[in-house]
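In: could you work out the structure for the sequence below:
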Amino acid sequence: MSVLVITGTGTEIGKTVTTAAVAAVAVAAGRSVAVLKPAQTGVRPDERGDADEVARLAGPVTTRELARYPEPLAPGTAARRAGLAPVRPHEVAEAAAKLAVDHDLVLVEGAGGLLVRFDDEGGTLADAARLLAAPVLVVAAAGLGTLNTTELTAHELRARGLDFAGVVIGSWPKSPDLAARCNLADLPNVAEASLLGSVPEGAGALPPADFRAAAAGWLAPRLGGTWDSEAFTARETPQA
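Out: Purely as a prediction, here's the structure:
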């Protein structure tokens, strides 16, 4: 794949760290990588955004932000309140396509979930993915409630005819509870898609060199890593 769209089932579930892990593995394999953040919200002009964090963790990647809004809101709402122009899905697709000309892999990291609105007309990351004909990787939470949000996201992807690449657990707890451990077996079933990785809780706080060295062990071979879904699930899933 030359473009991969990365979305989540909600906010604060590990999209940026997962994006960094995918980027780090690709860079380690000698691929040139670009990271596109269509709309960065809740960050001042002088602060580091999500794309900057990916570059810090993953190493030499090209970063691009299309718009930045100061309030931590959905992009469409944040743009309207700031009196700034919104991002349109076709602009996201055009920017990603341009980056793909000079890079082996372009990672497009969304804001929040798949249907978070970019503008008042209802444009979303799903629309950009459709224009790009790009696969969509879904980052999901580990614990209680994730089965519902993941299944809803999967249903919407298929309803729109989008290529659902699979699911990565964005933050696997150091001490997973019963729900998280059971969800390992249930997530692929409700999503009807492969589990493609599990990023450990706190991975984003690792020194960059340690992050890059470990990233391949968090992602399945389809994403360039060595993580074994069956072995991980067998080890972590509780016996009935």
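In: any stretches of this protein with poor pLDDT?
Out: Within the chain, the segments meeting pLDDT under 70 span 1, 240.
In: now the helices: where do they sit in it?
Out: Remark: helices assigned in the chain by DSSP state H are 15-28, 50-58, 75-82, 89-102, 125-132, 146-159, 178-191, 208-214, 229-236.
In: for Val199, find the nearest of those helices.
Out: Of all the helices of the chain, it is helix 15-28 that lies closest to Val199, at 5.5 Å by Cβ to Cβ. All C-beta spots, glycine's among them, are computed from the backbone N, C-alpha and C.
In: tell me which other helices or strands the closest one touches.
Out: strand 3-8, strand 33-41, helix 50-58, strand 105-113, strand 136-140, strand 164-172, strand 195-200, helix 208-214 (3 or more Cβ pairs under 8 Å, 6 or more residues apart in numbering; DSSP states H and E).
In: of the ones you listed, flag the one that's most buried.
Out: Mean neighbour count (mean count of other Cβ atoms under 10 Å) peaks for strand 136-140 among those, with a mean of 27.
In: right, and Ala220 touches Ser198 too?
Out: No. With contact defined as Cβ atoms under 8 Å, Ala220 and Ser198 do not form a contacting pair (9.3 Å).
In: and for those two, which residues touch both?
Out: Any residue near both Ala220 and Ser198 by Cβ atoms under 8 Å, 6 or more residues apart in numbering counts here, and that gives Trp227.
In: about what we covered before: let me have the helices and strands packed on helix 15-28 in a markdown table, extended by distance to Thr237.
Out: Output for the helices and strands packed on helix 15-28, formatted as a markdown table (distance: least, Cβ to Cβ, whole Å):
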| stretch | distance to Thr237 |
| --- | --- |
| strand 3-8 | 23 |
| strand 33-41 | 33 |
| helix 50-58 | 29 |
| strand 105-113 | 27 |
| strand 136-140 | 16 |
| strand 164-172 | 13 |
| strand 195-200 | 12 |
| helix 208-214 | 23 |
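In: looking at the helices of the chain, which is nearest to Ala165?
Out: helix 146-159 (9.5 Å).
In: burial-wise, tell me which of the helices of the chain comes out on top.
Out: Taking mean count of other Cβ under 10 Å, helix 15-28 is the most buried of those, at a mean of 26.
In: just put the helices of the chain in CSV and tack on distance to Leu66.
Out: As requested, the helices of the chain are exported to CSV (distance: least, Cβ to Cβ, whole Å):
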stretch, distance to Leu66
helix 15-28, 16
helix 50-58, 10
helix 75-82, 10
helix 89-102, 6
helix 125-132, 10
helix 146-159, 23
helix 178-191, 29
helix 208-214, 25
helix 229-236, 34
